[in-house]
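Asks: Return a 3D structure for these sequence lines:
(2 chains)
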Amino acid sequence: MTGTGRLERLNGMLRRRGFLLPAFEIHGGAKGLYDFGPVGGRMRSRMNQRWLDHWLRLGNVVEVSCPTVTPYAVLEASGHVGEFSDFMTECTTCGEASRADTLLEEHHPNPDSLKRDELQSLLKVVNPPCHACNDPKWSDISAQNLMFNTTIGAGDSGRAGFLRPETAQGMFTSFNALHRHFRERLPFGAMQVGKGYRNEIAPRQGMIRLREFNMAELEYFIDPEAKLNDDLSPWDDRPMQLLAEGKEPSMMKLSDACKDGLIRHATVGRFIGLTYDFLVDVGIDPSRLRFRQHEKNEMAHYAMDCWDAEIEGSYGWVECVGIAHRGCYDLQSHEDATGKTLRARREFDEPRTTVIDAWTINGATAGPAFKALAGQVKTAVESLPKATNFPCQLTLPGGEVVEVSEEHVKPNQQTIKETGEWYIPHVIEPAFGIDRIIWHVIDHAYHEIEKNDEAYTLMRLQPSIAPVDYAVFPLFEKDGMDELAWKLHQQLCQTSGLVSMYDGSGSIGRRYARADEIGVPVCITIDHQSLEDSTVTVRDRDTGEQQRVPIDSL
RNA sequence: GCGGAUAUGGUGAAGUGGUUAUCAUCUGAGGUUUCCAACCUUAUGUCGUGGGUUCGACUCCCGCUAUCCGCACCA
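Replies: Below is the predicted model:
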């Protein structure tokens, strides 16, 4: 941060030039909602594309797209309904708002687990003092859900739902389709870029905390027992700033951090490396990038290990990527909630044979004898040792005592051969906050310099994400230079993936300045000589150097 | 959600209980100009929003919305 007011000037420029604008402004605007304007919109889609390309290079990752509108049951199963709701209560004396469960921490082993009614009545009974004014007078509690509620369908047939708080759940719920697509072979990944929604209590700091935001997530499914080919040596030449839990920050090689057990899983380590490469590739200054491991107590409800990529900018160090080892939590949760299986199979090296030589029930006699309890009796009998003598008494899980005699049982002798087993895959998830990354890319690219004793601003954006590739200028809009420039501009626009901008107004210096301000890497100028020999000058944004080249070589 | 500050052309600012609200810059048109924000002419464009006080409110008061800074909350 150089100089006071840089942030204000930067924000002013972003607005003026159409990078970022407060959304719906003529209606008064809305907190936490932003437009990407005519310049920023292009940059955002380039960033998204760049991100997809980056992960597609792994070769076993596919792109999907899931709805943002999500049924209640999905997010209930994932734990979001519970985790993303807080029950708030307000002190009627001083107006201080508090979380009801926090107030009751000393009066209940786990107030967070209580249902709304239970929490309400416990609050009434305990009546804890307000930590601001000490008065124990509380309003009724109200649910503060950080997800946007909606109703899917109209009227009585409407189902409760939410706008998704993350893109991940759709990829978990379609696990079986992904699994089939990859011929049932792990590891594989599914990813998507899309919108996520969180009804933040207090959106702040421009692009840093939004209510509707662009996210890009990869869910990488692995067999927790399989050997994975996660070679971290490619990153040995670029140590990274790592803040491991409970350790001092230090520059480390990923391979060492993994060897020392700071990074608890090699795939997490590899994704840290790939994330580093992506961020630096789109223009993040590597010296202002670090990876921080979550403390145990700040870890989200699903995570086993989590590393954030934090980027330093005008708002300090900000979390922009989370790389979480989610274990089997998500697939397990959806299995539990739906009764469907979300599993992969691994074959054993050698088939495993289990020899059973014990007892089971004789259905024909035990059925009529024990009726409804027969199932429980069967389980109990099958766990008895071979040496058991009948009749004998068994206590069932429900407390009933039954007497099992010889006629109810028969020997159970079989050999079971298993060639493999079904298991719930583990998930490693890199989750990117695209808006936050775009913000920091802009923040790092924005330079205020002096040029001929005048303040001058330029954006040193990477060409791969610059909103415009070429600016085409006629030196003067006359003598046919304007027609030639317009023709070249049209030609460039025909090329897939290229964006060109024509600018013919103002002095040539002014036009260079305008292009520099939005980070156009290359300006092409048509002058008198161009009319004669079909050459143009190509000017580099960062050095200002010009080269004369034939039009055809562009 | 609480407390404080703020809200005037696209951007940045000045100003007033009274008739036509000021300046710079940007933007458009025309002219001029042989490569880094030059110059001349000219044009377009503003008092966040709703209510109140008043003969009259951009100005004073209140609510709302938004922005910035703390606190709280949160991934």
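
Asks: so is the residue in chain A that RNA strand B sits nearest to in a helix, a strand, or just coil?
Replies: Nearest to RNA strand B in chain A, going by C-beta to the nearest atom of the strand, is A:G509, at a distance of 2.2 Å. C-beta: built from backbone N, CA, C; applies to glycine. With DSSP: H, G, I helix; E, B strand; the rest coil as the basis, A:G509 sits in helix.

Asks: now it: how far from A:Y456?
Replies: Counting by C-beta to C-beta, to the nearest Å, the gap from A:G509 to A:Y456 is 11 Å.

Asks: So which of these two has more stuff around it?
Replies: A:Y456 (14 against 10; other C-beta atoms under 10 Å).

Asks: What's opposite the more buried one in the beta bridge?
Replies: Beta-bridge pairing of A:Y456 under DSSP bridges involves A:I449.

Asks: give the contact list for it.
Replies: With contacts defined as C-beta atoms under 8 Å, 6 or more residues apart in numbering, A:Y456 is in contact with A:E448, A:I449, A:E450, A:A513, A:D516.

Asks: Run through the residues of the stretch 351-500 of chain A sitting next to RNA strand B.
Replies: Counting by C-beta under 7 Å from any atom of the strand, the stretch 351-500 of chain A comes close to RNA strand B at A:K451, A:N452, A:E454, A:A455, A:Y456, A:T457, A:L475, A:F476, A:E477, A:K478.

Asks: Could you rerun that using 10 Å?
Replies: A:431, A:433, A:448-449, A:451-458, A:473-479, A:481 (C-beta under 10 Å from any atom of the strand).

Asks: List buried members of these by neighbour count.
Replies: For those, a burial check counting by 16 or more other C-beta atoms under 10 Å picks out A:A431, A:G433, A:T457, A:L458, A:F473, A:P474, A:L475, A:M481.

Asks: how about the residues you listed in JSON lines, adding pLDDT and secondary structure?
Replies: Shown next, in JSON lines, are those (pLDDT from 0 to 100; DSSP: H, G, I helix; E, B strand; the rest coil):
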{"residue": "A:A431", "pLDDT": "95", "secondary structure": "strand"}
{"residue": "A:G433", "pLDDT": "94", "secondary structure": "strand"}
{"residue": "A:T457", "pLDDT": "90", "secondary structure": "strand"}
{"residue": "A:L458", "pLDDT": "91", "secondary structure": "strand"}
{"residue": "A:F473", "pLDDT": "96", "secondary structure": "strand"}
{"residue": "A:P474", "pLDDT": "95", "secondary structure": "strand"}
{"residue": "A:L475", "pLDDT": "95", "secondary structure": "coil"}
{"residue": "A:M481", "pLDDT": "93", "secondary structure": "helix"}
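
Asks: And the residues you listed, which two are furthest apart?
Replies: Greatest spatial distance in these: A:A431 and A:M481, 49.9 Å, computed using C-beta to C-beta.

Asks: for chain A, what are the low-confidence residue spans?
Replies: Across chain A, the ranges flagged by pLDDT under 70 are A:1-4, A:85-88, A:90-99, A:101-103, A:105-106, A:109-118, A:130-136, A:141-144, A:297-302.
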